[in-house]
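In: fold the following, please.
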Amino acid sequence: MPRVKHFTLEERKEIEKLIKSGFRFKEISIKLNRTYSSIKGEKRRCPDEYNAEKAHNSYLDGIRRRIEKVRRPLTDLQIKKMEKMVSQKKTISSIRLALGCSYDRVKAWINKNAEGYVGGKVSCLEDRLTNIEQQIEIIFEILKEKT
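Out: This is a model prediction of the structure:
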């Protein structure tokens with residue numbers, strides 16, 4: 001069976017026809033050489049009565065939303081936050097989570113705008129070492145107080 005292959009409008013029309021003819025999802029999946037779960041998931045696009053045109057439009061709308069989201073430029077607020085976090089040598093992952101951007105988008109911005117950025121694992125390790133050193137100092141102070 002194919003791995004990740006989106007349904008075409010023709011396949012959706014075939015699904016609609018088979019559902020109206022009374023075929024079960026398992027039978028439809030065998031007929032179209034697709035998994036049971038993909039047929040069931042496709043049916044979920046139209047909760048009431050399956051309609052190929054509506055399902056296909058729903059699929060296309062999802063693609064349009066994802067494309068628009070990718071193309072949307074960073075806001076001034078996002079850029080300011082990114083500059084601040086880069087100056088603090090935060091990891092790309094933590095910046096991505098704070099801004100709600102993709103990892104690749106943050107990385108591209110850093111490569112373009114933050115010359116000499118040494119974040120990521122290096123700064124993460126430095127932060128951890130600093131934290132461990134502080135913990136060791138606290139432990140020594142506690143031991144000195146007890147003796």
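In: for residue 55, which non-adjacent residue is spatially closest?
Out: Leaving out its chain neighbours, the residue that sits closest to residue 55 by CB to CB, 6 or more residues apart in numbering is residue 45, at 4.1 Å. (Glycine included, C-beta is placed from N, CA and C.)
In: and that neighbour, what's its pLDDT?
Out: Looking at residue 45, its pLDDT reads 88.
In: any idea how far it lies from residue 67?
Out: 19 Å (CB to CB, to the nearest Å).
In: of those two, which one has the most company?
Out: residue 45 (18 against 10; other CB atoms under 10 Å).
In: need the three-state assignment for that one.
Out: When classified by DSSP: H, G, I helix; E, B strand; the rest coil, residue 45 comes out as coil.
In: now the residue nearest to residue 55: how far from residue 34?
Out: Counting by CB to CB - residue 45 and residue 34 are separated by 14 Å.
In: ok, residue 53 next?
Out: In this view, residue 53 and residue 34 are 19 Å apart by CB to CB.
In: those two - which one has more neighbours?
Out: residue 34 (19 against 12).
In: three-state assignment of the more buried one?
Out: coil.
In: skipping adjacent residues, who's closest to the spatially most central residue of the chain in space?
Out: The chain has residue 102 as the residue nearest its centroid, 7.2 Å off, counting by CA atoms, centre = their mean. With sequence-adjacent residues excluded and distances taken as CB to CB, 6+ apart, residue 102 is closest to residue 96, at 6.7 Å.
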